[in-house]
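Asker: Below are the sequence and a predicted model for it; my questions follow.
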Amino acid sequence: RKPESQSHTLYWMTPLLIVGGICLWMWWHIPYLWAFVVYATVFHHVRQFYGMLRWYQRLNGRPCDASAFFLYALTGLPFVLFHFRPLGQLQHQGVYTDQDLFFYPQPELFQGGLVLYGLGVLAWLVFEWRLRRRGIREWNRCLAVLGPAALYASCFLLGDSFPAVVFPLLLAHGIPYLAIMSLSLT
């Protein structure tokens with residue numbers, strides 16, 4: 001769309017800066033490029049989930065800051081815990097290895113984090129239950145937290161190979177874009 005591409009120089013400068021930055025990163029042999037790609041991608045995904053949550057809140061006509069907190073907690077904690085998982089089959093499979101990402105396998109920290117995650121899920125369920133008792137039924141907002149939380153828990157806490165971790169995340173990232181485009185483009 002011409003009006004969109006001419007609206008701001010950042011529209012076309014951003015991709016050029018990103019490609020240039022990655023080329024320089026590789027040219028200068030700076031370590032942890034793939035770690036940066038993974039962390040930037042997870043950040044982008046979570047922000048996309050947050051954007052969808054805000055959109056649903058706007059459609060409902062009721063902001064809900066607690067839902068944003070639960071979204072960040074229930075997606076962020078599985079990703080953090082992923083770093084403490086015992087590696088098992090995750091080692092040396094696919095594009096990424098245990099050398100590309102920051103792993104610190106600690107079964108005790110992982111188990112303690114799972115307890116914390118379970119408490120977070122329980123707190124969210126109680127929160128949603130209390131809203132329903134007050135007569136507030138917002139399935140879109142509720143599912144905007146449940147979907148990403150279940151996805152991140154299954155990928156980062158249960159995925160037994162890098163494809164099992166990465167592939168569902170890529171699908172979950174692309175499908176909302178396709179849905180939004182189908183609604184907004186003529």
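Answerer: On my side now, so go ahead.
Asker: what's the strand or helix carrying Gly112 packed up against?
Answerer: Applying DSSP states H and E as the criterion places Gly112 in helix 107-133. Packing partners of helix 107-133 (3 or more CB pairs under 8 Å, 6 or more residues apart in numbering; DSSP states H and E): helix 65-82, helix 139-152. Backbone N, C-alpha and C define where each C-beta goes, glycine included.
Asker: what's Arg85 sitting at in phi/psi?
Answerer: phi -60, psi 150 (degrees, to the nearest 10).
Asker: Excluding chain neighbours, give the residue nearest to Asn140 in space.
Answerer: Nearest residue to Asn140, sequence neighbours excluded (CB to CB, 6 or more residues apart in numbering): Tyr56, at 4.1 Å.
Asker: wait, I meant Leu81
Answerer: Distances taken as CB to CB, 6+ apart place Gly113 nearest to Leu81, at 4.2 Å, with adjacent residues excluded.
Asker: Surely the one you found is in contact with His83?
Answerer: No: using CB atoms under 8 Å, Gly113 makes no contact with His83, being 9.7 Å away.
Asker: Mind checking which of those two has more residues around it?
Answerer: Neighbour count, other CB atoms under 10 Å: between Gly113 and His83, Gly113 has more, with 20 against 16.
Asker: residue ranges with poor pLDDT in this protein?
Answerer: Filtered on pLDDT under 70, the chain yields the residue ranges 1, 4-5, 89-100, 186.
Asker: quick one on the thing from earlier: let me know the angle separating the helix holding Gly112 from helix 65-82.
Answerer: 160 degrees (axes from the mean of the first three to the mean of the last three CA atoms, to 10 degrees).
Asker: Distance from helix 107-133 to the middle of the chain?
Answerer: How far helix 107-133 lies from its chain's middle: 18 Å, per CA atoms, centre = their mean, to the nearest Å.
Asker: how about it: buried residues?
Answerer: Neighbour counts over helix 107-133 (16 or more other CB atoms under 10 Å) mark Phe110, Gly113, Leu114, Tyr117, Gly120, Val121, Trp124, Phe127, Glu128, Leu131 as buried.
Asker: rewinding a little: now do the contacts for the residue nearest to Leu81.
Answerer: Leu77, Val80, Leu81, Phe84 (CB atoms under 8 Å, 6 or more residues apart in numbering).
Asker: Buried subset of those residues, written for PyMOL?
Answerer: Buried members of the contacts of Gly113, identified by 16+ other CB under 10 Å, are gathered into one PyMOL selection as follows:
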select buried, resi 77+81+84
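Asker: So which of the contacts of Gly113 is the closest to Ala149?
Answerer: Among these, Leu77 lies closest to Ala149 (CB to CB), at 9.4 Å.
Asker: No more questions from me, cheers.
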